[in-house]
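Chemist: Compute the structure for the input listed below.
(chains A and B)
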Amino acid sequence: MAVFIFALLGIVLPLSENKNNISIFKYLPNIKLGLDIQGGSSLEYSMAIPEGARAEEIVNNVIAVLRRRLDSAGYTEAVVSEVVVGGERRVRVEIPGISDTRRAEELIGSKGKLYFAEVIETIESSTPPQITRNRKVKVDGKEIDLYSYVRDSRNPNVWYRVKNVFEFGTEPFQITGLDVTDARASLNPQGGGFVVNLSFSSQGKNKFELATANLIGKQIAIILDDEVIIAPVVRDKISEGRAEISGIESVQEAQNIAVLIKSGNLPVDLIKFQENTIGPTLGRDVVTTIVNAGIIGLVIVMVYMIIFYGWMGFVADIALLYNTLLLLGVLSWSGAILTLPGLAGIILTFGTTVDGNVIIYERIKEEIRVGRPPLTAIKFGFDKVFSTILDANITTVLAGIVLYFLTSGSIRGFAVTLIIGVLGSMFTNLVVTRVILEGSSNMIKPEKYLKGIVVGKGGNE
Amino acid sequence: MPNLNIVGKRKIFIYLSLAFIIFCVIVIFVKGFNFGVDFSGGSEIVISTQETYTIDQLRDALQKIDPSYATAKIVSAKPSDEEITKNFYVITVKDSFPSSQIKDEFINSLSTYLQSSDLEVEQFNDVSGYAAKEIRSFAWYAIIATLAVLLIYITIRFQFSFAIGAILALAHDVIVTLGFYSLFGIEMNLMAIAAFLTLVGYSLNNTIVVYDRIRENRAKSRATPIEEVMNQSINDVLVRCLHTSITTFIVVFLMLLMGGRSIASFAFGLTMGVVVGTYSSIFIASPIVIPMMKDKKKGTKKSSSKSR
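Modeler: Okay, the predicted model is just below:
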């Protein structure tokens, strides 16, 4: 009884602000619905982690960067998580309630690597030009190619030969996104288009001052994700630690660039692995049909049990409802996510609960047939079925656990409801049903089961 | 209490099942599977619009975008919720859309060619070929891992020959159900894999109930020949097996009938699984253990294999 009230509280209490407005879930506000039910987008990316690298660190870094990007772009409900399947690490981004994934995908997919470089020359070519003489320069312990060709972001036939490292002052240095403390998109005050304003850290400010002082009259390219966004000519030494990326056509693009720069660059490339996007209409439709199928199934099974087992069948029906509520209660309390396959798992739980009851009742009937009074029959019956129910259900739970660890996403939701449901049905059958039956043993009519028995069969114990 | 001679006629059932398995394997080889995007890679796109199109109109439009889309799979799906007045169409193409630009272009050209003003993407599942390959290998892991865990558990709780019997019965269920997926062209996807694992759990549950009875009845009278003990045990639990299977069948069959497309490959597996699983638990799982137990008795008489 206590368990029951506890479960019921989980369902009814307003634990969260969360509102569900699909089908029956209107009345179950505490159950978290998966994206396949409420609609939304799930994007999964694999990472090109270099061999020998600290995978753990890289993944955490990727998650942190994506988190920042999505937050700054307003996707505050997005969930970024690591997925490990078959030893491979991936990141998954789940964004509820959107079906236009374009902007989110652009934000996630960009590496966000920003740096400044001196432009040596600009050439036109339809194929990537080759650097003939190059050398490596050591900056902060890393070997960097001194020269490279970088394509223009707007004109694919324009290539800039840039010097990636500034060799002014005592040591060679680079100016990258790490030197930027803030990036903001705004309307271009002079002329059209939009700009992104960059503010440098004190170290970045000094570096930028040194670079601009030596490059007056020359071009500095601002390179984001291996494309030159703009390459302005330095008119003066810039010592106040500000720079501006201008010539951006849309406010969206400007905002994206600002977000990418501010949230830092991804340490590895992300490659889209899979995408599942479902609109709210379709999700609602599917759920409605499954819930309807479940309810009709439930009613038929309940009637069936009463027809075959009379009072005991009625008790089984109570157990069935009890276990369903228990399951919903556990889902509410634990914050587990209910997915479409998860719903199917709940419906399947009806089967397991009924099965447990049938096993028990058949035993009780056998005990009654050998002439025991109902109460004793119930006691003996329960004692004997204990190992049956245990073994039968543990195997299902084991299959569920394997499923849980091998899968991710919506199928995992099925494993969750299956495990909770089967464990719940064991408790319901062995404890709840027993208490009710023992308390109401006078409702069982032994004559019903004795009829039609010719000889007292193999009850030779 | 029923008293059927099941164990005595076990050869009939075993040969029947063997014939069935051979039939299913042939079907699988000849007809193959209708793999969903989870397995084959590609994209499954559900679009909705107020307008009504024929499948041919949609195919024409797709072909205008790219001639290779002529082989696209197109299904019209009616929403079951009456409040929704839109038409749904499911389009499956072999391509994956790695960037959002390519995706947008595809949708835009589709709406242009269809001359639709309210075309909306309701669902978009994109699985790159690489992901599909991994899912295939994962499906094997899942099945092998499940079998290994179950083998160990049954060996601990019962004995090894029972574990083998249970696994053989499961293999029977899986192969026959796979055959039906192939025969009816039901889509093989991740949901189908979940269905397979569930049916494994379900069929095993049934088998365990029978084994449990055998364990109990054997403990009562060790002198009775194993055939008799088994037959008695199967008859003891027959009523329970039928009740359980019928109730479960009602539930999953309704899911199959009413659940619609997105749950169909799951519900189909369970519906088939309940029937095949019940059959194998009663007619295959126990009788098949008999020869193994007899061999064991002959071979190692002293180290008698006690079941708990």
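
Chemist: OK, contacts around residue B:124?
Modeler: A:99, A:101, A:275-278, B:43-46, B:103 (Cβ atoms under 8 Å, 6 or more residues apart in numbering or on different chains). Backbone N, C-alpha and C define where each C-beta goes, glycine included.

Chemist: again, only using 10 Å
Modeler: Applying Cβ atoms under 10 Å, 6 or more residues apart in numbering or on different chains, we find residue B:124 in contact with A:41, A:99, A:101, A:275-279, B:43-47, B:97, B:103, B:107.

Chemist: Could you look up the next helix or strand downstream of the strand or helix carrying it?
Modeler: Assigned by DSSP states H and E, residue B:124 falls within strand B:120-127. For strand B:120-127, the succeeding helix or strand toward the C-terminus, using DSSP H and E, is helix B:129-157.

Chemist: State the next helix or strand along the chain beyond that following helix.
Modeler: helix B:160-184.

Chemist: what's the closest non-adjacent residue to residue A:221?
Modeler: residue A:231 (4.2 Å; Cβ to Cβ, 6 or more residues apart in numbering or on different chains).

Chemist: do residue A:278 as well
Modeler: Closest to residue A:278 by Cβ to Cβ, 6+ apart is residue B:123, at 4.5 Å.

Chemist: Count the neighbours of the one you found for me.
Modeler: For residue B:123, the number of neighbouring residues by other Cβ atoms under 10 Å in any protein chain shown comes to 23.

Chemist: before we move on, the earlier item: and of the contacts of residue B:124, the nearest to residue B:275?
Modeler: Relative to residue B:275, the closest of these is residue B:44; by Cβ to Cβ it sits at 29.1 Å.

Chemist: Restrict stretch B:48-55 to CA atoms and write it as PDB.
Modeler: The C-alpha atoms that make up stretch B:48-55 are tabulated as PDB, following Å, rounded to 0.1, in the frame of the first residue of the first chain:
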ATOM      1  CA  SER B  48       2.900  16.100 -44.900                       C
ATOM      2  CA  THR B  49       0.700  18.300 -47.100                       C
ATOM      3  CA  GLN B  50      -3.000  19.200 -47.400                       C
ATOM      4  CA  GLU B  51      -2.900  18.100 -51.100                       C
ATOM      5  CA  THR B  52      -3.300  14.600 -52.300                       C
ATOM      6  CA  TYR B  53      -0.700  13.000 -54.600                       C
ATOM      7  CA  THR B  54      -0.500   9.600 -56.200                       C
ATOM      8  CA  ILE B  55       2.700   7.600 -55.700                       C
END
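
Chemist: does chain A sit close to that stretch?
Modeler: Yes: part of stretch B:48-55 sits near chain A under the criterion Cβ under 10 Å from any Cβ of the partner chain, namely residue B:48.

Chemist: in that stretch, what's buried?
Modeler: B:48-49, B:53 (16 or more other Cβ atoms under 10 Å in any protein chain shown).

Chemist: Serialize those to a markdown table and add fields for pLDDT.
Modeler: Formatted as a markdown table, these follow (pLDDT from 0 to 100):
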| residue | pLDDT |
| --- | --- |
| B:48 | 82 |
| B:49 | 83 |
| B:53 | 83 |
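
Chemist: Just send these back as a markdown table, with secondary structure too.
Modeler: A markdown table is the format used below for the buried residues of stretch B:48-55 (DSSP: H, G, I helix; E, B strand; the rest coil):
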| residue | secondary structure |
| --- | --- |
| B:48 | strand |
| B:49 | strand |
| B:53 | coil |
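
Chemist: just to revisit the earlier point, tell me how many other residues crowd the residue nearest to residue A:221.
Modeler: Counted with other Cβ under 10 Å, residues neighbouring residue A:231 total 20.

Chemist: domain assignment for chain A?
Modeler: Domains of chain A are assigned by automatic domain parsing as A:108-271, A:279-450.

Chemist: now, of those, which is deepest in the fold?
Modeler: domain A:279-450 (a mean of 21; mean count of other Cβ atoms under 10 Å in any protein chain shown).

Chemist: From the chain's centroid, how far away is that one?
Modeler: Put simply, domain A:279-450 sits 30 Å off its chain's centre (Cα atoms, centre = their mean, to the nearest Å).

Chemist: got it, and stretch A:263-280?
Modeler: 12 Å.

Chemist: what about the helices in the stretch 251-400 of chain A?
Modeler: Taking DSSP state H, counting those that start in this stretch as the test, the helices found in the stretch 251-400 of chain A are A:251-262, A:280-334, A:340-369, A:374-406.

Chemist: for the helix or strand that the last one is followed by, packing partners?
Modeler: Counting by DSSP H and E, the element after helix A:374-406 in chain order, helix or strand, is helix A:410-427. With contacts taken as 3 or more Cβ pairs under 10 Å, 6 or more residues apart in numbering or on different chains; DSSP states H and E, helix A:410-427 sits against helix A:2-12, helix A:35-38, helix A:280-334, strand A:337-338, helix A:340-369, helix A:374-406, helix B:190-220.

Chemist: count of residues packed around residue B:93?
Modeler: 22.

Chemist: can I assume it is in contact with residue B:68?
Modeler: Yes: using Cβ atoms under 10 Å, residue B:93 is in contact with residue B:68, at 8.5 Å.

Chemist: Near chain B, which residues of the stretch 1-150 of chain A? Just list them.
Modeler: A:23, A:36, A:39, A:41-44, A:46, A:85-86, A:88, A:90, A:99-106, A:108-109.

Chemist: Now a PyMOL select for only the buried ones of the residues you listed.
Modeler: Entered in PyMOL, the line below selects the buried ones among these, by 16+ other Cβ under 10 Å:
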select buried, chain A and resi 23+36+39+41+42+43+44+46+85+90+99+101+103+104+105+106+108+109
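
Chemist: where does the stretch 1-150 of chain A dip in pLDDT?
Modeler: Scanning the stretch 1-150 of chain A for pLDDT under 70 picks out A:1-29, A:85-87.

Chemist: Can you show me the strands along it?
Modeler: For the stretch 1-150 of chain A, strands defined by DSSP state E, counting those that start in this stretch occupy the ranges A:32-33, A:40-47, A:79-85, A:88-96, A:114-124, A:136-139, A:142-145, A:147-152.

Chemist: and stretch A:245-254, what's its mean pLDDT?
Modeler: Stretch A:245-254 shows a mean pLDDT of 80.

Chemist: Output that stretch in CSV with nothing but the alpha carbons.
Modeler: Output in CSV follows, covering the C-alpha atoms of stretch A:245-254 (Å, rounded to 0.1, in the frame of the first residue of the first chain):
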residue,chain,number,x,y,z
ILE,A,245,34.8,41.2,-39.2
SER,A,246,32.6,43.0,-41.7
GLY,A,247,30.9,42.2,-45.0
ILE,A,248,28.6,39.5,-43.6
GLU,A,249,25.3,39.4,-45.5
SER,A,250,22.7,38.1,-43.0
VAL,A,251,22.2,38.7,-39.3
GLN,A,252,21.9,34.9,-38.8
GLU,A,253,25.3,34.3,-40.3
ALA,A,254,26.8,37.1,-38.2
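
Chemist: so does that stretch get close to chain B?
Modeler: No: if you take Cβ under 10 Å from any Cβ as the test, stretch A:245-254 misses chain B, and the best it gets is 12.6 Å.

Chemist: got a list of contacts for that stretch?
Modeler: Contacts of stretch A:245-254 (Cβ under 10 Å, 6+ apart): A:73, A:102-103, A:106, A:114, A:153-154, A:183-198, A:222, A:224, A:229-230, A:232, A:255-258, A:261.

Chemist: Now with 8 Å, please.
Modeler: Residues contacting stretch A:245-254 (Cβ under 8 Å, 6+ apart): A:103, A:185-188, A:193-196, A:198, A:222, A:229-230, A:232, A:257.

Chemist: For residue A:93, which non-adjacent residue is closest in space?
Modeler: residue A:43 (4.8 Å).
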